[in-house]
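J.: heads up, no residue letters with this:
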């Protein structure tokens, strides 16, 4: 089961940093791990100590501390947890202590703290494609964990905080920007419990469709581009065209489509590439006149 500790400032002035929370657990209720956004926590025997370096404004609260525990006591045993918060310069220490008692029961709520896991689907994505990722948190005994905080971390993006539903499930939308994108799903308060999602780039030129298949030199033509992979549209991807005296860029829409007016200065080859989402470079031939043969690749 999980214990959640919340720390708030009931005073009229900001606190002095740092802030330390010390929680003492009774025999029969074993703390396994602890954590929370911005907190540095250690578990030593039956004592959990969490510290953070910042202060807290009047009326504000810190992110909660979540402690994963295991109940070893016999059913009916009363288990009391004593928690104390301390900051430098606190002039009202009596309100810094809290005690909570529970009665051990065989029907303990499921917890991911011991031998739990987080499961996500899918675990691989095409770069540029939009996915709805679903997942659930499972306790060591196989039961799902409701109300569990989950953090989604993607490089270059602000972390997304979610809570599992009553059925222990969560979901979010992701669109990896490149084949190097990695997404981590982390479960705070459950040790190193996490799942990873990897993105990959489309491997073949079938992913890049260009219309028309050839161009005429010195004639402005609307070029239509479509990026797909594995049945998914590769949206919001940067496409670069260059060659035959022309250079330009365009970005696909959410459905993987883009249009660009192209006017090549001479006969030759225009390369079409979207390196972030596709490995291949599509080549479009530019001909000098109406009777010249088409050249594409």
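T.: Right, received. Where do you want to start? If you're wondering where the values come from, they're calculated on a predicted model, not measured in any experiment.

J.: Show me what the closest residue to residue 257 other than its chain neighbours is bridged to.
T.: Nearest residue to residue 257, sequence neighbours excluded (CB to CB, 6 or more residues apart in numbering): residue 226, at 5.5 Å. The C-beta positions use only the backbone N, C-alpha and C, and glycine is treated the same way. Here residue 226 sits in beta bridges with residue 209, residue 257, going by DSSP bridges.

J.: Residue 4 versus residue 226, what's the distance?
T.: Counting by CB to CB, to the nearest Å, the gap from residue 226 to residue 4 is 49 Å.

J.: So between those two, which is more surrounded?
T.: Neighbour tally, residue 226 and residue 4, criterion other CB atoms under 10 Å: the higher count belongs to residue 226, 16 against 12.

J.: I figured that one was touching residue 259, is that so?
T.: No. Look at residue 226 against residue 259 with CB atoms under 8 Å: they stay out of range, at 10.2 Å.

J.: Correct me if wrong, but residue 206 is in a strand.
T.: No. Per DSSP: H, G, I helix; E, B strand; the rest coil, residue 206 lies outside any strand segment and is helix.

J.: Contacts only, for residue 222.
T.: Residue 222 is in contact with 259-262, counting by CB atoms under 8 Å, 6 or more residues apart in numbering.

J.: Who is it paired with across the strands?
T.: Listed by DSSP bridges, the beta-bridge partners for residue 222 are residue 261.

J.: Quickly note the distance from it to residue 182.
T.: 37 Å.

J.: which helices and strands sit right next to the helix or strand where residue 23 lies?
T.: Per DSSP states H and E, residue 23 falls inside strand 16-24. In terms of contacts (3 or more CB pairs under 8 Å, 6 or more residues apart in numbering; DSSP states H and E), strand 16-24 is packed against strand 2-5, strand 47-52, strand 78-88.

J.: 10 Å - rerun?
T.: Here strand 16-24 touches strand 2-5, strand 29-35, strand 40-44, strand 47-52, strand 65-71, strand 78-88, strand 97-103, going by 3 or more CB pairs under 10 Å, 6 or more residues apart in numbering; DSSP states H and E.

J.: Can you add distance to residue 146 and give these back as JSON lines?
T.: Formatted as JSON lines, those follow (distance: least, CB to CB, whole Å):
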{"stretch": "strand 2-5", "distance to residue 146": "11"}
{"stretch": "strand 29-35", "distance to residue 146": "19"}
{"stretch": "strand 40-44", "distance to residue 146": "23"}
{"stretch": "strand 47-52", "distance to residue 146": "23"}
{"stretch": "strand 65-71", "distance to residue 146": "14"}
{"stretch": "strand 78-88", "distance to residue 146": "21"}
{"stretch": "strand 97-103", "distance to residue 146": "18"}
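
J.: Report the helix or strand with the lowest average pLDDT across this structure.
T.: Within the chain, no helix or strand scores below strand 97-103, which has a mean of 70 by mean pLDDT, DSSP states H and E.

J.: Which SSE is immediately downstream of it?
T.: strand 117-121.

J.: got a list of contacts for that next one?
T.: 112, 131-140, 142, 144-145, 148, 150, 152, 164, 168-172, 183-187, 190, 193-197 (CB atoms under 10 Å, 6 or more residues apart in numbering).

J.: Run through the stretch 101-250 of the chain and note the low-pLDDT ranges.
T.: Along the stretch 101-250 of the chain, segments meeting pLDDT under 70 span 101-110, 113-114.

J.: All the strands of it, in order from the start?
T.: Remark: strands assigned in the stretch 101-250 of the chain by DSSP state E, counting those that start in this stretch are 117-121, 124-126, 131-138, 149-154, 160-163, 169-174, 182-186, 194-200, 208-211, 214-216, 221-229, 232-233, 238-243, 246-251.

J.: neighbouring strands for the first one, and are they parallel or not?
T.: Strand 117-121 has the following strand partners under DSSP bridges: strand 131-138 (antiparallel).

J.: Buried residues, the partner strand. List them.
T.: Buried residues in strand 131-138, counted by 16 or more other CB atoms under 10 Å: 131, 133, 135-138.

J.: Quick check: closest non-adjacent residue to the residue at minimal distance from the centre of the chain.
T.: Taking CA atoms, centre = their mean, the centroid of the chain lies closest to residue 152, which sits 2.4 Å from it. Here the nearest residue to residue 152 in space, its sequence neighbours aside, is residue 160; by CB to CB, 6+ apart that works out to 4.2 Å.

J.: wait, that neighbour sits on residue 149?
T.: No. Assessed by CB atoms under 10 Å, residue 160 is found out of contact with residue 149, at 11.2 Å.

J.: between these two, which one's more packed in?
T.: More neighbours surround residue 149 than the other of residue 160 and residue 149, with 23 against 15 (other CB under 10 Å).
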